[in-house]
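Novice: Predicted model and sequence follow; I will ask about them next.
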Number of protein chains: 2
Amino acid sequence: MKLFVSGRAPSPRRVQIFVAEKGLELPTESVSIGKGEQFSAEFTRLNPDNLLPALVRDDGTVLGESIAICRYLEALYPTPALFGDTPEQIGAIEMWLRRLELLAYLPAQEAYRNRHPFFADRGWPGWRQGMPQIPELVARANRIMGRTLETLELQLEAQPFVAGPAFSMADIVALTTLDFAQDSGMEAVSDLAGFAHLARWRAEVSGRPSVASLEP
Amino acid sequence: MKLFVSGRAPSPRRVQIFVAEKGLELPTESVSIGKGEQFSAEFTRLNPDNLLPALVRDDGTVLGESIAICRYLEALYPTPALFGDTPEQIGAIEMWLRRLELLAYLPAQEAYRNRHPFFADRGWPGWRQGMPQIPELVARANRIMGRTLETLELQLEAQPFVAGPAFSMADIVALTTLDFAQDSGMEAVSDLAGFAHLARWRAEVSGRPSVASLEP
C-alpha cells in the first residue's frame, strides 16, 4: 500500500493522524496541490478523481475519500477502534462525523475556495475550470461554522472528546478542520477566546503524539 | 426505540429502506416538514437539531443523521451487512457514500432549497431564518450532479450495484437521492434517456420489496 497526501491539506492530514494513532507505518508520498500536481498525467492515471488523499493498494486498485481510507484501515487493523466498538459509540461517532463534515468542514472549504484568487473558476474540488466562485457562500459558511462552534463548545463542556468519553475519528476531523479554517483565514474561527472547553480539548488533542509528530 | 421520519423526505427514507432491508420493524412516526412540525416545541424537546430522521432510544437519548442511525442499527443487527463485511467492501461502500453525499445529495438539496420559495431565508437545513437563498448554487449543483451521473453510469456499466457486486447502503443513498432530485424538479436529472445502465440499476433497486413496500 502507498498513501498519497499533500503537505498540511486537511483531508490527507486526517488519514495521516489516523495512521499514526493506529501505530502503522505506510509508505507515503506528497503531491503538491499548490503546484497542481494532482492534475498531472501521472497522478491522474493513479486517481482519475484528481483528489487527495488516495490509497493505492498492492494490486493497483485505488481507494479515495479520507474516511473511506480510514474505515478500510480500521477493518484491517481494528485496535485501537477509532470508529467505536459498541453500537452506541459507533452511532455517536458517525453522527458527529456527519455533522462535522457538513457543518464544519464543508463551510471551511466553501469559505476558502470561494474567496481565494487561487481557486478562480474552480470553486469546487476536483474541477480544473468551469466552476465559478460564489462569494455569497463565504458569509453563509461563516454563519454555519459559528453555530457549529457553539455546538462543539457545549458538547466539550459535557464530554472530554467530541463524540463522547473516548478519543475517536471525530476528534481527528474536528481538529484538522479547525486548523484548516484558521490557517486559511476563515473569519468565524479568527477569535476563539470565548470557547474555553474547545480550547481545553484542542490543546489536549494537538499534543497527542499522532498530531505533534506530523508537524514540520 | 422509535424512528421519526417525514413522508417521502430523502434522508428519513434512507433509514426506512434500510430498516426494511434488515427485516426490522420499528415504531415509526411521521413529522411533517411541509407543515414545519420539526420546529414544534414537542419535537424540539426530542431533537434540538430540528432535523429528520431521528431515532429516540428507550432511555430517551436521541441519535440523528441518517447514516449514523443506520450504522447503529447495523451494529445491533449485523445481517445482512449493508455497510460491507470485508475491508475491501467496507472501504468501497464508504467511498461511494461520501461521493454520493457531497456530489449528489448535497447538490440535489442545494438546487431545491436555493430555488423553491418555500425555503426563502432558510436556504440551509435546520435554520428557521437568517439563511438567504443563493440562486447561483442551482447552476453549480446541476453541473456537479451532471458529472456524478456520468460517474454512476460508468460504474453501473462495470458493476451490478453502486459500490460493487452486492446491494449496499450506497444503493439506498443513490436511489433516494435520484428520486428526490427528480421529485423536486432538478434540471440535471430531468432527462436520463442516455443513461441505460443507471436505468437498469434503478428499475432493479426500485423493485426491491424494501423500496416498493414504502410507496403510498
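Specialist: Nice, thanks for sending it over. Numbering: from 1, shown residues only, chains lettered A, B, ... in the order given.
Novice: use CA for all of it now, contacts and neighbours both
Specialist: OK.
Novice: A:Ala196: what's it in contact with?
Specialist: Residues in contact with A:Ala196 (C-alpha atoms under 8 Å, 6 or more residues apart in numbering or on different chains) are A:Glu153.
Novice: Show me what the helix or strand A:Glu42 falls within is in contact with.
Specialist: Secondary structure assignment for A:Glu42, by DSSP states H and E: helix A:41-46. For helix A:41-46, contacts defined as C-alpha under 8 Å, 6+ apart pick out A:Glu37, A:Gln38, A:Asn50, A:Val56, A:Val62.
Novice: Output the residues you listed as CSV; include the columns distance to A:Gly123.
Specialist: Below are the contacts of helix A:41-46 laid out as CSV (distance: C-alpha to C-alpha, whole Å):
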residue, distance to A:Gly123
A:Glu37, 18
A:Gln38, 16
A:Asn50, 15
A:Val56, 27
A:Val62, 25
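Novice: between those, which is nearest chain B?
Specialist: Lowest distance from chain B to these (C-alpha to the nearest C-alpha) belongs to A:Val62, with 9.7 Å.
Novice: restrict the contacts of helix A:41-46 to those near chain B?
Specialist: Among the contacts of helix A:41-46, not one lies near chain B by C-alpha under 8 Å from any C-alpha of the partner chain.
Novice: Counting only strands, which of the residues you listed make the cut?
Specialist: If you go by DSSP state E, those have A:Val56, A:Val62 in strands.
Novice: Please identify which of the contacts of helix A:41-46 is nearest to B:Gly126.
Specialist: Using C-alpha to C-alpha, A:Asn50 comes nearest to B:Gly126 of the contacts of helix A:41-46, at 32.5 Å.
Novice: Neighbours of that closest one, how many?
Specialist: Using other C-alpha atoms under 10 Å in any protein chain shown, A:Asn50 has 23 neighbouring residues.
Novice: so how far is A:Val5 from it?
Specialist: Between A:Asn50 and A:Val5 the distance is 12 Å, computed by C-alpha to C-alpha, to the nearest Å.
Novice: Just give me the neighbour total for A:Asn47.
Specialist: Here the count is done by other C-alpha under 10 Å, and A:Asn47 has 21 residues near it.
Novice: Pretty sure it sits against A:Ala54.
Specialist: Yes: using C-alpha atoms under 8 Å, A:Asn47 is in contact with A:Ala54, at 7.2 Å.
Novice: What is the least confident helix or strand in chain A?
Specialist: helix A:41-46 (a mean of 90; mean pLDDT, DSSP states H and E).
Novice: for that one, which positions count as buried?
Specialist: A:Phe43, A:Leu46 (16 or more other C-alpha atoms under 10 Å in any protein chain shown).
Novice: And for stretch A:164-171?
Specialist: Neighbour-count burial for stretch A:164-171 [16+ other C-alpha under 10 Å]: A:Gly164, A:Ala166, A:Phe167, A:Ser168, A:Met169, A:Ala170, A:Asp171.
Novice: So that stretch, near chain B or not?
Specialist: No: if you take C-alpha under 8 Å from any C-alpha as the test, stretch A:164-171 misses chain B, and the best it gets is 12.7 Å.
Novice: end to end, how far does that stretch reach?
Specialist: End residues of stretch A:164-171 are separated by 10 Å (C-alpha to C-alpha).
Novice: How far does that stretch sit from its chain's centre?
Specialist: A distance of 14 Å separates the centroid of the chain from that of stretch A:164-171, by C-alpha atoms, centre = their mean, to the nearest Å.
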